[in-house]
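S.K.: sequence unknown, structure follows:
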């Protein structure tokens, strides 16, 4: 199997794009759709030699301001593994590759939320949970926090640059204004 990374959603070959959309529909029926281009989506797919997409995700990126400092942050969105291929390490392999990709692209940190039950999955792929940290998505006018009623999310992160590693404690047990917009309300 090979991890394939594309610079834009439009570069994904049509046959792979269709399969990736089917995986997202399996994971989130009715919620799949294109990402906000302002977040510079980078699709990543895990593909068999026969051309079957077994796992898919997108990396989204934006600058955030936290405690008066600006950081380049990237996060994972729409992580999905084909139901027929789950439990074989395909998703974990792709999520670990995405972590490396984010670091190589120069992000200060990787930062996103996941369902609490998936905490171990992401930790196994090299991410760390930020206990008590809440990401605030949406917009400043219409915030969409990860601790809203009915959500059971944890925030996971990786710190890549020396500056981000030094500042890592500033991201623990706090609210982080991500504000990715109205399309990707919370990556």
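M.R.: Yep, it's here. Remember, predicted model here, so these are calculated numbers, not experimental data.

S.K.: any idea how far the residue of the chain positioned farthest from its centre lies from residue 1?
M.R.: Going by Cα atoms, centre = their mean, the residue of the chain most distant from its centre is residue 50, 26.4 Å out. Using Cβ to Cβ, to the nearest Å, we find residue 50 at a distance of 10 Å from residue 1. No exception for glycine: its C-beta is placed from N, CA and C like everyone else's.

S.K.: Equivalent analysis for residue 11, please.
M.R.: 20 Å.

S.K.: more crowded one of the two?
M.R.: Remark: of residue 11 and residue 1, residue 1 carries more neighbours, 17 against 12, as counted by other Cβ atoms under 10 Å.

S.K.: Report how many residues lie close to residue 70.
M.R.: Neighbour tally, residue 70, other Cβ under 10 Å: 10.

S.K.: so it is in which element?
M.R.: strand 69-81 (DSSP states H and E).

S.K.: Quick one: list the elements packing against the next helix or strand along the chain from that strand.
M.R.: Counting by DSSP H and E, the next helix or strand C-terminal to strand 69-81 is helix 90-104. If you count contacts as 3 or more Cβ pairs under 8 Å, 6 or more residues apart in numbering; DSSP states H and E, helix 90-104 packs onto strand 2-5, strand 42-47, strand 53-66, strand 69-81, strand 109-115, helix 119-124, strand 153-159.

S.K.: In this structure, where is pLDDT below threshold?
M.R.: Low-confidence segments of the chain (pLDDT under 70): 32.

S.K.: Need the phi and psi values for the closest residue to residue 52 other than its chain neighbours.
M.R.: In this structure, residue 52 finds its nearest non-sequential neighbour in residue 19, 7.0 Å apart by Cβ to Cβ, 6 or more residues apart in numbering. For residue 19, the backbone dihedrals (degrees, to the nearest 10) come out as phi -60, psi -40.
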